[in-house]
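# with the input below, show me the fold.
(one chain, ligands or ions: 1)
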Amino acid sequence: MSHDFLEVISLSKNFDLGRGQILKAVQNVTFSAAKGKVIGLVGESGSGKSTLVRMIARLIPQSSGEVLLDRINISPLVGSTFSRHPARRDIQMVFQDPLASLNPRFRARRAIADPVLRLGTEAEKARVDELVEQAATRTGLPTELLDRFPHELSGGQRARVDIARAIVLTPKLVILDEPTSALDASLQAHVVRTLMALRDELDLTYIFVSHDLNLVRLLADEIIVMYQGQAVEQGDTQQVFHDPSNDYTKTLLAALPHMPSQRW
Ligand SMILES: Nc1ncnc2c1ncn2[C@@H]1O[C@H](COP(=O)(O)OP(=O)(O)OP(=O)(O)O)[C@@H](O)[C@H]1O
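So this is what the prediction gives:
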């Protein structure tokens, strides 16, 4: 039977707010992604995007539902249990603000080496310097910057350190949570081009979380629109943009300035 590389099945998350109040942050979201595809996840603030991707990355447990990566059901594993599982290295996340996610006391070289030292095989650990330099080169970070601390780098360079760290062990799934939102438009375009080149080179699957519908339109093969915890619209990106079925999506799209549908 054919299967998609990533399968998310009816995934839900309830937060107990106390006093009998339950917040349904994510409700029964189902989607799948083939290898090498980019899934764009959009929706307003509070719609459940981060909660959904944090469950997929096994940072938090789901209330119900399943996540399968390459047919392995990883949904029983979370946090430290997942960190010891062989599938852990296959999923990496890139966060919104590298200054917040990078350890200020680690030079870029050490930051990028971190997944190798924690999750790599003995053979990979033995060639950590080579792997770090390869990842830096792949992400367009000049290797002479590897001995700098995060505060000694520009925003674009920090974003590249974060991406290099995510790809150093050549994962299969990379979750990008608003990775370029702290950057200005021209830097954003550079970083996005780098991400697309890496996707092609390493056959990565991306989940790209963004407020920016125009960016998602250019990048994503498929799109999921979240609204109040539910996936209210999902499907082929061009189809969703040309013929949205859901009223909320129609409102979102009507608010967009016209953009040519070029690719990066
Ligand atoms: N640990 C938590 N405890 C209680 N409620 C939470 C928790 N984490 C998130 N929420 C709530 O779940 C809902 C979804 O939040 P989430 O961060 O997933 O949204 P989002 O779409 O990623 O928003 P943003 O674009 O602002 O990052 C929000 O109402 C949020 O307040």
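# show me what counts as buried in stretch 202-214.
Buried residues in stretch 202-214, defined by neighbour count with 16 or more other C-beta atoms under 10 Å: 204, 205, 206, 207, 208, 209, 210, 212, 213. Quick note: C-beta positions are derived from backbone N, CA and C, even for glycine.
# which of those fall within strands?
205, 206, 207, 208, 209 (DSSP state E).
# what is the host helix or strand of residue 248 packed up against?
Using DSSP states H and E, residue 248 sits within helix 247-254. Packing partners of helix 247-254 (3 or more C-beta pairs under 8 Å, 6 or more residues apart in numbering; DSSP states H and E): strand 222-227, strand 230-236.
# pull the CA atoms of whatever helix or strand comes next after the longest one into CSV?
What that stands for is strand 230-236. As assigned by DSSP H and E, the chain's next helix or strand after strand 230-236 is helix 237-242. This file holds the C-alpha atoms of helix 237-242, laid out as CSV (Å, rounded to 0.1, in the frame of the first residue of the first chain):
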residue,chain,number,x,y,z
THR,A,237,-1.8,25.7,-3.0
GLN,A,238,-2.7,27.1,-6.4
GLN,A,239,-6.1,25.5,-6.2
VAL,A,240,-6.8,27.0,-2.8
PHE,A,241,-5.7,30.4,-4.0
HIS,A,242,-7.8,30.3,-7.2
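# can we start the residue count at 233 from this point?
Shifting the count to begin at 233 puts that one at helix 469-474.
# the host helix or strand of residue 430 relative to strand 437-441, how many degrees between them?
Using DSSP H and E, residue 430 maps to helix 417-434. Our comparison of helix 417-434 with strand 437-441, counting by axes from the mean of the first three to the mean of the last three C-alpha atoms, to 10 degrees, yields an angle of 160 degrees.
# so what secondary structure elements neighbour helix 417-434?
helix 387-399, helix 445-451.
# tell me which residues of the shortest one come out buried.
Applying a neighbour-count criterion of 16+ other C-beta under 10 Å, one finds 445, 447, 448, 449, 450, 451 buried in helix 445-451.
# using CSV, lay out these together with pLDDT and distance to residue 260.
What follows is these, written out as CSV (pLDDT from 0 to 100; distance: C-beta to C-beta, whole Å):
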residue, pLDDT, distance to residue 260
445, 85, 23
447, 84, 27
448, 88, 22
449, 88, 26
450, 86, 29
451, 89, 26
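# ok so, going back, the ligand: which of the ones in strands among the buried residues of stretch 434-446 is nearest?
Using C-beta to the nearest ligand atom, residue 441 is the member of those that sits closest to the ligand, with 7.1 Å.
# so which of the helices and strands packed on helix 479-486 is the most packed in?
strand 454-459 (a mean of 24; mean count of other C-beta atoms under 10 Å).
# quick one: strands adjacent to that one?
strand 270-274 (parallel), strand 462-468 (antiparallel) (DSSP bridges).
# mind putting these into JSON lines with distance to residue 296 and mean pLDDT?
Shown next, in JSON lines, are the strands paired with strand 454-459 (distance: least, C-beta to C-beta, whole Å; pLDDT from 0 to 100):
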{"stretch": "strand 270-274", "distance to residue 296": "20", "mean pLDDT": "96"}
{"stretch": "strand 462-468", "distance to residue 296": "14", "mean pLDDT": "94"}
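# of all those, which lies closest to the ligand?
Per C-beta to the nearest ligand atom, nearest to the ligand of the strands paired with strand 454-459: strand 270-274, 8.6 Å.
# next, the angle from that closest one to helix 479-486.
Here strand 270-274 points in a direction 100 degrees away from that of helix 479-486 (the same axes, to 10 degrees).
# which SSE is immediately downstream of strand 270-274?
Per DSSP H and E, the first helix or strand lying C-terminal to strand 270-274 is helix 281-288.
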